[in-house]
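> sequence-free structure coming up:
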């Protein structure tokens with residue numbers, strides 16, 4: 001059956017393939033977006049590739065997966081009942097608990113009836129004649145909608161390494177993002193893991209407890225800091241519940257929407273002894289304080305960053321017994337905090353175990369994967385299990401994997417070839433009625449805190465349009481240029497934007513991802529909200545509305 005909307009047709013009819021709004025993704029942002037669009041009385045469908053809700057927390061079930069933002073700051077804030085009912089068991093919740101939480105939310109608000117699982121979107125094409133979007137699924141089914149909202153996440157496009165022989169290994173192999181639902185038994189096994197990013201750090205420290213032999217293949221070490229996780233007692237949970245309003249207000253004031261905000265002092269303004277004591281306190285405290293709560297110039301001043309990096313390097317040397325291994329684990333090509341900082345529990349101590357080997361593949365590159373293991377320039381390794389912790393095509397990768405075409409058939413992938421171009425990180429010129437919940441050039445950070453705001457702003461724009469009978473909303477070339485230039489200007493002087501990382505769009509396993517690009521709004525979330533709120537208060541006058 002041809003499900004395209006006829007010229008002049010109403011997208012919001014009772015046809016089972018036509019909707020007022022379609023949301024791609026049933027993760028943290030997608031679930032809330034469905035809830036908010038329902039409040040507008042719209043006919044909404046969520047298309048989700050997985051078989052259940054959860055997004056990141058559905059797909060990433062590798063050993064050790066957990067929050068690195070405090071659990072009570074990550075949960076939704078929109079429902080007092082939900083806040084009153086849900087108890088977090090740990091300061092930083094593990095994947096199973098987070099997945100249970102999101103399923104609880106889906107059940108509490110009866111969201112599943114409007115979610116279509118096992119529905120991977122492969123194409124989304126704008127139809128100018130009907131001012132609608134046509135979506136095609138992997139199995140060929142097609143749907144039409146007036147408004148298209150992408151809630152596909154910034155870390156949802158996993159990448160495999162470009163190594164000859166991948167696929168020839170006869171043992172068990174898996175990517176951390178596509179972990180077997182039944183788990184993997186590591187007891188006594190010979191295991192190789194490729195990668196030392198955030199997911200690898202969590203995986204390594206967990207599986208090292210049971211493996212027979214673990215070999216870690218590292219290209220680039222990361223600066224890691226202690227998580228300091230712990231259980232939340234009933235009394236502590238009661239206290240948290242009583243302070244939720246205060247906690248969320250605090251998050252709203254910090255640049256990344258965490259409970260940690262930069263210390264206003266500059267590094268060299270503080271005497272060395274006091275500076276060292278301050279860093280020691282942060283290092284011994286839970287969460288991202290050592291990163292987000294450091295001196296205000298730590299991520300912009302090279303001397304300040306070098307001092308902070310030297311502090312963390314000394315901690316690594318103290319924790320790793322073999323000085324040669326310790327030096328391999330200390331980054332030499334980027335300063336502390338200029339890449340995302342993995343939080344760990346005993347990660348460095350893993351390398352003190354006699355059954356763990358660290359292989360620096362800059363010194364001895366991997367030549368190929370073999371049927372029995374991994375061959376480097378130095379030797380061959382035999383394994384029972386190979387883990388690919390090779391990360392994601394971050395931020396824009398999930399968009400590239402859908403054939404998104406706007407006015408005149410222009411591909412979003414082509415528009416963004418040299419870097420994202422958006423208005424407020426939400427709208428793109430030439431892609432009418434497509435809105436991005438949590439995408440490039442938006443205010444990113446503590447995910448649920450920032451996602452709630454993004455979803456609410458998108459909902460406000462759709463409400464404005466529907467109440468006035470508008471059927472076409474689009475960013476103009478002028479406002480896209482203005483916002484993109486603003487984002488690029490803010491990114492200047494930020495040391496993290498000079499570094500090759502997933503957050504600057506670099507992934508050597510993906511064609512065209514070899515140089516850093518400014519992918520995020522660097523002005524902090526409070527300033528980002530000010531910009532977006534001003535646009536809404538001005539009744540979206542800069543947009544092309546019809």
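Right, received. Where do you want to start? From a predicted model like this one, the values you see are computed outputs, not experimental measurements. Numbers count the residues shown, from 1 in each chain.

> what about the helices in the stretch 201-350 of the chain?
Along the stretch 201-350 of the chain, counting by DSSP state H, counting those that start in this stretch, helices occupy 234-242, 244-253, 272-283, 289-292, 302-319, 323-329, 347-350.

> tell me what angle the longest one forms with helix 272-283.
Meaning helix 302-319. Angle, helix 302-319 to helix 272-283, by axes from the mean of the first three to the mean of the last three CA atoms, to 10 degrees: 60 degrees.

> show me what helix 302-319 is packed against.
When contacts are defined as 3 or more CB pairs under 8 Å, 6 or more residues apart in numbering; DSSP states H and E, helix 302-319 packs onto helix 272-283, helix 323-329, helix 347-350. For every residue, glycine as well, the C-beta is placed using N, CA and C.

> list the buried residues for the first one?
Along helix 272-283, these residues count as buried under the neighbour rule (16 or more other CB atoms under 10 Å): 275, 278, 279, 282.

> reformat the residues you listed as CSV; add distance to residue 375 and pLDDT.
Converted to CSV, the buried residues of helix 272-283 look like this (distance: CB to CB, whole Å; pLDDT from 0 to 100):
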residue, distance to residue 375, pLDDT
275, 47, 98
278, 47, 98
279, 42, 98
282, 42, 98
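
> just curious, which of the residues you listed is nearest to residue 42?
residue 282 (45.9 Å; CB to CB).

> that closest one contacts residue 292, doesn't it?
No - applying CB atoms under 8 Å, one finds residue 282 not in contact with residue 292, separated by 9.7 Å.

> pLDDT below threshold where in this protein?
Segments of the chain classed as low confidence (criterion: pLDDT under 70) are 1-15, 500-517.

> so in it, which strand runs the longest?
What stands out as the longest strand in the chain, according to DSSP state E, is strand 142-150.

> in the next helix or strand after that one, what's buried?
Counting by DSSP states H and E, the next helix or strand C-terminal to strand 142-150 is strand 172-175. Using 16+ other CB under 10 Å as the test for burial, strand 172-175 gives 172, 173, 175.

> re the thing from before, any chance of the helices and strands packed on helix 302-319 in a markdown table, with distance to residue 181 too?
A markdown table is the format used below for the helices and strands packed on helix 302-319 (distance: least, CB to CB, whole Å):
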| stretch | distance to residue 181 |
| --- | --- |
| helix 272-283 | 36 |
| helix 323-329 | 32 |
| helix 347-350 | 26 |
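
> measure how buried residue 363 is and give me the count.
Residues near residue 363, counting by other CB atoms under 10 Å, number 10.

> doesn't it belong to a helix?
No - Residue 363: not assigned to a helix; according to DSSP: H, G, I helix; E, B strand; the rest coil it is coil.

> next up, the contacts around it.
Going by CB atoms under 8 Å, 6 or more residues apart in numbering, residue 363 touches residue 378.

> same thing but at 10 Å, please
328, 376, 377, 378 (CB atoms under 10 Å, 6 or more residues apart in numbering).

> of those residues, grab the buried ones for ChimeraX.
To isolate the buried members of these in ChimeraX, using 16+ other CB under 10 Å:
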select :328,376
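
> just to be sure, residue 105 is in a strand?
No - going by three-state DSSP, the assignment for residue 105 is helix, not a strand.

> my read: it touches residue 76, true?
Yes - the pair residue 105 / residue 76 is scored as a contact, 6.6 Å apart, by CB atoms under 10 Å.

> got any residues that touch both of the two?
Taking CB under 10 Å, 6+ apart as the contact rule, residue 105 and residue 76 both touch 28, 31, 32, 35, 82, 86.

> quick check: phi and psi on the first one?
Right, the one you point to is residue 28. phi -60, psi -50 (degrees, to the nearest 10).

> can you pull the contacts of it?
53-57, 74-76, 98, 101-102, 105, 151, 153, 437-438, 447-448, 450-452, 455.

> apply 8 Å and report the result again.
Shown in contact with residue 28 (CB under 8 Å, 6+ apart): 55, 56, 57, 102, 447, 448, 451.
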